[in-house]
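J.: Here is my input, please return the structure:
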Amino acid sequence: MSTQTSTSKYLLLFRGNDWDKGLSPEQLQKVVSDWVAWFDWLTQEGKCQGGHPLQEEGKLVSGTNGRIVVDGPFAESKEAIGGYFYLQVGDIDEAVEIAKQCPGLEYGCIVEVRPVADLCTVRARYLGTSSRSEQPAGVTA
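T.: Below is the predicted model:
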């Protein structure tokens, strides 16, 4: 008889792109090695479904029809997201415990734990205030 366990999805967002500044080559080698081992272990355990580092800069798009496009976010920002892991675990407490194991924490990396929503917040508000028959054509998010 197999037991089925319920899991939830979370993102670990790694904030700050300069936490490694000032590390010796030996420290840097150790933290990178520890980070790869941590990711591999989480993947083998079935807790991490993927993840990637992000390029330091991109574009910010805003305004009607995306008419405003500017460089950013800037890597110097402590709020810049440097990468992510996509977790599938029992609950947010388990996700937080995993985040606490991040090898970069002791050097100033910040890990944000965010639940992945089943439904877009805007759509959820819309569905809560409108009947489904009034849904605009093409709305699927």
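
J.: Make sure A80 is actually in contact with R15.
T.: Yes - using Cβ atoms under 8 Å, A80 is in contact with R15, at 6.8 Å. Where C-beta positions appear, they are placed from N, C-alpha and C, glycine not excepted.

J.: residues contacting L23?
T.: 31, 107 (Cβ atoms under 8 Å, 6 or more residues apart in numbering).

J.: let's have the chain start at 19 instead
T.: In the new numbering, first residue 19, that becomes L41.

J.: Would you double-check that it falls in a strand?
T.: No - secondary structure of L41 (DSSP: H, G, I helix; E, B strand; the rest coil): coil, not part of a strand.

J.: Output the helix or strand of the chain with the lowest mean pLDDT as CSV, nothing but the C-alphas.
T.: The weakest-scoring helix or strand in the chain, judged by mean pLDDT, DSSP states H and E, is helix 139-147 (a mean of 84). Presented in CSV, the C-alpha positions along helix 139-147 are these (Å, rounded to 0.1, in the frame of the first residue of the first chain):
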residue,chain,number,x,y,z
THR,A,139,-3.9,37.1,-7.6
VAL,A,140,-5.5,39.5,-10.1
ARG,A,141,-7.6,36.7,-11.7
ALA,A,142,-8.6,35.4,-8.3
ARG,A,143,-9.9,38.9,-7.4
TYR,A,144,-11.7,39.1,-10.7
LEU,A,145,-13.3,35.7,-10.3
GLY,A,146,-14.4,36.7,-6.8
THR,A,147,-16.2,39.8,-8.0
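
J.: quick one: the helices in this protein?
T.: 43-62, 110-117, 139-147 (DSSP state H).

J.: Which of these has the highest mean neighbour count?
T.: Across the helices of the chain, averaging neighbours per residue (mean count of other Cβ atoms under 10 Å) puts helix 110-117 on top, at a mean of 16.
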